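Trainee: After the sequence you'll find the predicted model.
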Amino acid sequence: MENRLLIQFNDVISSQWLFKHIEIPYKPLSSRELFELAYHTCNSVAMRNIYIKLSSSETSGGSKAILYSNSKKFTSIQALNDNLRIAKYFSTGSTGEKVITEVQPALLRRKEIFKNKDKDIQAQILKAILVERKIDECVNLVMLKDINRKVYFAIGDARESAAVIPLFMEAEGSNLVQLALNKWMESTQRLEQEHAYPENHMPGILKNLTQIKKWLLNLISSRLDK
């Protein structure tokens, strides 16, 4: 289905809107580690992921994500060769200062904390952020009214990825999250797989996914900021 927000970003926003940006060096983390931490730090319940491409390399650049907020601002997260670049795009009369005043100090703090964590905890946090991204993917597919097969597999990926993370499965509320994901997998499986996701199902699944995302963001932040 047509991703109008992404088309708008590529054709107009990225070249014509005002923006503020920061660049943060990867070291001592890998490019993928800092990219994932940045994704979580920039993300919020009010954000929607409209594009993501992950590099096949864990150490070099190439990964990119574009987030859209309900305040009608766009955030680009891009892994360059030596630095991670985060840019906030905004229209005239608005501002992108938060990328400098809030995102940058939070990400630098988390980078410092993360590098000193136990390797197992680091791996669990990164896997939990992967689930966060999968939930975002589900939301975007539903809002684009993409085909049911894609929505089904995105929910399944989120559920299966979460099931192997102790940090996730041992957290209070994880059973309810898994039950909700199971419910929507079963619901979507009963639909015609190559048809567009039905509008009458959208309010329910989006409400549930938003609740799950809020729970997950809080869980990851609490472990990341310790």
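Mentor: Noted; the coordinates are in hand. Predicted, not measured: the structure shown is a model, and the values here were computed from it. Numbers count the residues shown, from 1 in each chain.
Trainee: buried stuff in stretch 44-60?
Mentor: Residues 47-52, 54, 60 are the ones in stretch 44-60 that count as buried (16 or more other CB atoms under 10 Å). Where you see a C-beta, it was placed from the backbone N, CA and C, and this is true even at glycine.
Trainee: Report the distance from that stretch to the chain centre.
Mentor: Relative to its chain's centre, stretch 44-60 lies at 6 Å (CA atoms, centre = their mean, to the nearest Å).
Trainee: Residues contacting it, please?
Mentor: By CB atoms under 8 Å, 6 or more residues apart in numbering, the residues outside stretch 44-60 that reach it are 3, 5-6, 9, 30-32, 43, 61-71, 75, 79, 81, 133, 136-137, 139-140, 143, 210, 213-214, 217.
Trainee: ok, now with 6 Å
Mentor: 5-6, 30-32, 62-70, 136, 140, 213-214 (CB atoms under 6 Å, 6 or more residues apart in numbering).
Trainee: And these, which of them are buried?
Mentor: For these, a burial check counting by 16+ other CB under 10 Å picks out 5-6, 31-32, 62-69, 136, 140, 213.
Trainee: Distance-wise, check the residue nearest the centre of the chain relative to W17.
Mentor: Nearest residue to the geometric centre of the chain (CA atoms, centre = their mean): R133, 3.7 Å. From R133 over to W17 the distance is 25 Å, taken as CB to CB, to the nearest Å.
Trainee: what residues go with each domain of the chain?
Mentor: Here the domain parsing of the chain from automatic domain parsing is 4-116, 120-224.
Trainee: quick revisit: which is the succeeding secondary structure element to the helix or strand that contains the residue nearest to the centre of the chain?
Mentor: In this structure, R133 sits in helix 119-143 according to DSSP states H and E. Per DSSP H and E, helix 119-143 leads on to helix 148-163 as the next helix or strand towards the C-terminus.
Trainee: Pull the distance from that following helix to the chain's centre.
Mentor: 15 Å.
Trainee: and the helix or strand just after that helix, average pLDDT?
Mentor: Counting by DSSP H and E, the next helix or strand C-terminal to helix 148-163 is helix 166-169. For helix 166-169, mean pLDDT rounds to 96.
Trainee: and if you look at stretch 88-98?
Mentor: For stretch 88-98, the mean per-residue pLDDT is 92.
Trainee: Endpoints of it, how far apart?
Mentor: Length of stretch 88-98, first residue to last, CA to CA, to the nearest Å: 8 Å.
Trainee: For the chain, which segments count as helices?
Mentor: 4-8, 14-16, 31-42, 98, 104-115, 119-143, 148-163, 166-169, 174-189, 202-224 (DSSP state H).
Trainee: Point out the most buried one among those.
Mentor: Among those, helix 31-42 has the highest mean neighbour count (mean count of other CB atoms under 10 Å), at a mean of 23.
Trainee: That one versus helix 119-143: what angle between them?
Mentor: On the basis of axes from the mean of the first three to the mean of the last three CA atoms, to 10 degrees, helix 31-42 is oriented at 60 degrees to helix 119-143.
Trainee: chain center to helix 31-42: distance?
Mentor: Its chain's C-alpha centre and that of helix 31-42 lie 9 Å apart, by CA atoms, centre = their mean.
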